[in-house]
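Novice: From the sequence below, what's the structure:
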Amino acid sequence: MEVKTVRTNWADRELNQNTHIIIIGNKCIIVDAGASLEDIMPIIGNREVEAILITHAHYDHIWHIESYDTTFSCPIYMHEKADIFLKNPEYNLSKYFGANKTFNLNNVHYIKGKENLNIAGVNIQPIYTPGHSEDSMCYLFEDGTLFSGDTIFARAVGRTDLITGNPNRLIASLGLLMKLDFNEIYTGHLRSTNKQEQEKNVSVWIRYIKANLLKKHFDYNK
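Specialist: Model (predicted):
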């Protein structure tokens, strides 16, 4: 299994989102849909896209999801609470970018976060991790690779001041993640990280969340 990451190029560097392409032989799985088809197709090539996993339905993570839906016609997995995000520009944040976008998908599969998926012969555990948003999901692959979306970053955790954000739920989600067995973490923004690095940081971040010091102390650009 090989992971290739395509990073979008927003004017605000904090919004430069990571779309991950997991290559498994002649098949692949995509995590999130911020990057355009033009940017991801050179990596996908002739491989069959078996599924798209959405970590949460904020605009920067689903910007191109409709074109993915039409082009690949494969299952698009997201948490069941993402439904309102797709239908409401305030929830998916496109309203704040002047887009007022709603998303209509043909192949969406809503999950609760407890199901186990087997895609391209790989076992994947969806993990419900609310806090950054009510629909936030992480995906743990059988080889110990975690795709964390905006729940946890290399040098920060997800902000909780957006609609449906909740600092107490984020604290609980971080605690849940750190009990799991994983190695590499591919995040929704900026560089990847690993559990060893996060074991040193998560307790500090929880203290910052409780003290409402997220923006003052976190440097998202490292």
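Novice: rest of the way, CA atoms for contacts and neighbours
Specialist: OK.
Novice: residues touching Ile124, list them.
Specialist: By C-alpha atoms under 8 Å, 6 or more residues apart in numbering, the residues touching Ile124 are 116-118, 139-142.
Novice: Could you list the low-pLDDT ranges of the protein?
Specialist: Counting by pLDDT under 70, the chain has low-confidence residues at 10-14, 213-222.
Novice: can you give me the helices in it?
Specialist: 37-44, 59-62, 65-72, 83-87, 89-92, 167-178, 195-210, 214-217 (DSSP state H).
Novice: next one: the first one to chain centre, how far?
Specialist: Remark: helix 37-44 is offset 19 Å from the chain centroid, using C-alpha atoms, centre = their mean, to the nearest Å.
Novice: and the angle for it with helix 65-72?
Specialist: Between the axis of helix 37-44 and that of helix 65-72 there is an angle of 40 degrees, by axes from the mean of the first three to the mean of the last three C-alpha atoms, to 10 degrees.
Novice: Packing partners of helix 37-44?
Specialist: strand 2-7 (3 or more C-alpha pairs under 8 Å, 6 or more residues apart in numbering; DSSP states H and E).
Novice: Going by neighbour count, list what's buried in the strand it packs on.
Specialist: For strand 2-7, burial by neighbour count (16 or more other C-alpha atoms under 10 Å) applies to 5-7.
Novice: repeat for stretch 112-130
Specialist: Buried-residue list, stretch 112-130, by 16+ other C-alpha under 10 Å: 113, 120, 124-130.
Novice: still on that earlier bit, go through the buried residues of strand 2-7 and say which is closest to Met41.
Specialist: Val6 (10.6 Å; C-alpha to C-alpha).
Novice: Relative to Phe72, how far out is that closest one?
Specialist: Separation of Val6 from Phe72 (C-alpha to C-alpha, to the nearest Å) stands at 18 Å.
Novice: Report the contact partners of the residue nearest the centre of the chain.
Specialist: For the chain, the residue whose C-alpha lies nearest the mean C-alpha position (C-alpha atoms, centre = their mean) is Gly149; its distance is 2.6 Å. By C-alpha under 8 Å, 6+ apart, the contact set of Gly149 is 55-56, 136-138, 186-189.
Novice: change it to 7 Å
Specialist: By C-alpha atoms under 7 Å, 6 or more residues apart in numbering, the contact list for Gly149 reads 55, 138, 187-188.
Novice: looking at the helices of the chain, which is buried most?
Specialist: Greatest average neighbour count among the helices of the chain goes to helix 59-62 (a mean of 24), per mean count of other C-alpha atoms under 10 Å.
Novice: what's the spacing between that one and its chain's center?
Specialist: 9 Å.
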